[in-house]
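Peer 1: Quick one, what's the 3D model for this:
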Amino acid sequence: MRFAFIINYMLWLCLISPVRSHLPDYASTPSNKVDQFCLLAQTCIHDTIPICGKMGDEKRTFLDLCDMLEYACDTNQIYTHVDDMKGCPQFQ
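Peer 2: Have a look, this model is predicted:
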């Protein structure tokens, strides 16, 4: 009975207590998507799982999500990940 009380209390603390950020107080989210993608690209770990990205009507195949983030950072072109690999061009 006491064990169940402790578990319930711990769950209550996790759900009710205020959540603090794991980032320093001075860290903030960049204001635009390109800067956000550049920040993410710096710490991204490549998994070499190809993904399809779309910008407007244009689709492009990327080596992986990290590649898409790096491309956005380098070219200021924001592609969004789409699940439709059939419509994406294949690597040459």
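
Peer 1: mind listing the helices for this protein?
Peer 2: Ranges of helices within the chain are 2-16, 33-43, 65-75, based on DSSP state H.

Peer 1: Lowest average confidence across the ones you listed, which one?
Peer 2: Set side by side, the helices of the chain show their lowest mean pLDDT on helix 2-16, which sits at a mean of 52.

Peer 1: State the number of residues packed around the closest residue to Glu70 other than its chain neighbours.
Peer 2: Closest residue to Glu70 apart from its sequence neighbours, by Cβ to Cβ, 6 or more residues apart in numbering: Ala41 at 4.6 Å. (Glycine included, C-beta is placed from N, CA and C.) The burial count assigned to Ala41 is 18, neighbours taken as other Cβ atoms under 10 Å.

Peer 1: looking at it, Ala41 is touching Asp64, isn't it?
Peer 2: No: contact between Ala41 and Asp64 fails when scored by Cβ atoms under 8 Å: they sit 11.4 Å apart.

Peer 1: Now do the contacts for the closest residue to Lys59 other than its chain neighbours.
Peer 2: Counting by Cβ to Cβ, 6+ apart, Cys88 is the residue found nearest to Lys59 once chain neighbours are left out, at 4.9 Å. With contacts defined as Cβ atoms under 8 Å, 6 or more residues apart in numbering, the neighbours of Cys88 are Cys52, Gly53, Lys59, Arg60, Thr61, Val82.
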